[in-house]
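could you look at this predicted model? Sequence included:
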Amino acid sequence: QLQVVEAGGGLVHPGGSLRLSCAASGFRLNYFAVGWFRQAPGKEREGVSCISSSGFTIEYADSVKGRFTISRNSANNTVTLQMNSLKPEDTAVYYCAAGGFCGLGYSYDYWGQGTQVTVSS
């Protein structure tokens with residue numbers, strides 16, 4: 001069974017950091033572009049960041065530029081989203097997805113179940 005699994009969500013104070021990881025089961029994540037998306041209550045899902053299979057193409061939403069960093073670890077077949085200087089408006093369920101192209105508006109083939117990130121004092 002082909003699955004994408006997120007890990008690393010939690011509760012953090014404003015200004016804090018969290019690291020999300022995305023892993024794949026049943027296929028090599030290294031061969032796919034990976035995107036991170038988030039959805040807050042009552043809001044539409046939005047693209048946060050993505051990275052191409054080669055790692056050469058990376059995109060960030062304007063709202064997270066300079067605070068979030070996406071990277072690949074080919075050795076363990078994972079993609080990490082390092083989130084720094086977190087704000088309450090970053091609170092959302094974060095989803096990892098794998099697909100053919102890096103693009104915040106592209107559709108992806110495989111989606112995880114999501115992990116909750118809550119930024120609150």
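Nice, thanks for sending it over. Numbering: from 1, shown residues only.

tell me the pLDDT of Ser92.
Ser isn't right for residue 92; it's Ala. As predicted, Ala92 sits at a pLDDT of 98.

try the one 3 residues further on
Tyr95 carries a pLDDT score of 97 in this model.

give me the contact list for the host helix or strand of it.
Assigned by DSSP states H and E, Tyr95 falls within strand 92-99. The contact list for strand 92-99 (Cβ atoms under 8 Å, 6 or more residues apart in numbering) reads 4-6, 9, 20, 22, 24, 27, 29, 32-40, 43, 45, 48, 79, 81, 106-117. Backbone N, C-alpha and C define where each C-beta goes, glycine included.

just the buried members of those residues?
Using 16 or more other Cβ atoms under 10 Å as the burial test, the contacts of strand 92-99 include 4, 6, 9, 20, 22, 24, 27, 29, 32-38, 48, 79, 81, 108, 110-112, 114-115, 117 as buried.

next step: these restricted to strands.
4, 6, 20, 22, 24, 33-38, 48, 79, 81, 110-111, 115, 117 (DSSP state E).

so which strand or helix has the residue nearest to Tyr31 when sequence neighbours are not counted?
For Tyr31, ignoring the flanking residues on the chain, the nearest one in space by Cβ to Cβ, 6 or more residues apart in numbering is Ser53 at 5.6 Å. Here Ser53, judged by DSSP H and E, is contained in no helix and no strand.
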